[in-house]
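Novice: with the sequence up front, the predicted model follows.
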Amino acid sequence: MIVQSVEAVGRAVREVVLGAGRYALFLVRSLFSGLFPPYRFRILTKQMYFVGVQSLSIVMITGAFTGAVFAYQSNYAFSKFGAETMIGATVTLALVRELGPVLSGLMVNGRVGSAMAAELGTMRVTEQIDALESMAINPLQYLVAPRILASIVMVPALTALFDTIGAFTSYWVSTRVLQVSTGAYVARTQWYVDVDDLVGGLFKSAVFGLILSSVGCYYGYYARGGAEGVGSATTKAVVAAGVAILIVDYFLTLFIAPLGVG
């Protein structure tokens with residue numbers, strides 16, 4: 001029994017290490033292939049539209065209600081010791097440092113990451129990727145690299161929109177509903193929120209864009225087993241990318257916080 005338990009643990013560790021190595025190799029090959037011609041500008045533009053423009057509604061709704069709810073909750077806490085004027089600085093800092101990048105990444109992952117995994121998985125099981133290879137077309141350059149680059153560019157843009165709308169709804173709720181002084185709200189926000197906070201949040205969101213797109217493409221690219229395999233790959237991609245975003249966010253915070261950024 002002891003030997004079987006050790007063997008089971010060893011097999012699990014081996015699978016994790018092999019999977020991590022294959023993903024790292026997949027990511028490096030995909031990024032490296034995008035550096036050389038032919039450059040797929042048409043595909044890149046299409047993917048930027050898919051990742052960015054078509055995700056506007058879900059990001060705007062999430063940002064609006066996140067800012068509004070956080071303003072209410074902050075008012076509940078700060079009102080206990082008469083510091084309601086700190087609502088603006090607290091909400092805005094939380095949005096640009098953490099909530100904006102993380103929530104935007106998770107929402108885009110649920111929509112875009114799953115779609116990438118499903119699309120590439122369908123192409124794999126229907127042998128369309130094999131057909132590309134037979135025509136001497138690098139599938140990583142043609143299918144994966146544009147999706148990753150589009151996500152790296154557009155997820156920070158969506159995060160900036162999330163931050164803006166969240167800050168506006170927080171301002172409206174605080175000054176119009178909770179009757180916080182407008183001048184004090186704006187002054188506190190300007191005093192405590194710096195450009196470095198925004199830069200750190202946007203850097204995080206670019207990393208999250210890389211994660212969600214590469215993980216989605218990875219699981220779709222190696223999907224097997226017909227329709228059931230595509231569904232399984234899509235589920236794994238969304239879960240893995242979501243967990244990875246939360247874990248990487250912690251280590252990014254540890255790394256950039258001592259630098260005074262984000």
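Specialist: Everything's here; your move.

Novice: every contact and neighbour count from this point should use C-alpha atoms.
Specialist: Noted.

Novice: spatially central residue in the chain, please.
Specialist: Gly105 (2.4 Å; C-alpha atoms, centre = their mean).

Novice: so it touches Val155, yeah?
Specialist: Yes - the pair Gly105 / Val155 is scored as a contact, 7.0 Å apart, by C-alpha atoms under 8 Å.

Novice: need the pLDDT of the residue nearest to the centre of the chain.
Specialist: pLDDT recorded at Gly105 is 95.

Novice: quick check: which element contains it?
Specialist: Here Gly105 is covered by helix 100-108, with elements defined by DSSP states H and E.

Novice: next SSE after that helix?
Specialist: Next along from helix 100-108, by DSSP H and E: helix 114-125.

Novice: model confidence over that next one, on average?
Specialist: 95.

Novice: before we move on, what about stretch 19-35?
Specialist: 92.

Novice: circling back: which residues do Gly105 and Val155 both contact?
Specialist: Ser205, Phe208, Gly209 (C-alpha atoms under 8 Å, 6 or more residues apart in numbering).

Novice: report all helices and strands that the helix or strand hosting the second one contacts.
Specialist: Remark: Phe208 resides in helix 195-221, with elements defined by DSSP H and E. Packed against helix 195-221 by the contact rule (3 or more C-alpha pairs under 8 Å, 6 or more residues apart in numbering; DSSP states H and E) you find helix 2-33, helix 100-108, helix 114-125, helix 145-172, helix 226-256.

Novice: so which of those is nearest Ser134?
Specialist: Nearest of those to Ser134, taken as C-alpha to C-alpha: helix 114-125 at 13.4 Å.

Novice: now do the closest one against helix 226-256, angle only.
Specialist: 130 degrees (axes from the mean of the first three to the mean of the last three C-alpha atoms, to 10 degrees).

Novice: so after helix 114-125, what's the next helix or strand?
Specialist: Taking DSSP H and E, what comes next after helix 114-125 is helix 128-134.

Novice: now do the contacts for Leu31.
Specialist: Contacts of Leu31 (C-alpha under 8 Å, 6+ apart): Ala145.

Novice: cool, and Pro146?
Specialist: Gly34, Arg40, Ile43, Leu44, Gln47.

Novice: how about a cut-off of 6 Å?
Specialist: Leu44 (C-alpha atoms under 6 Å, 6 or more residues apart in numbering).
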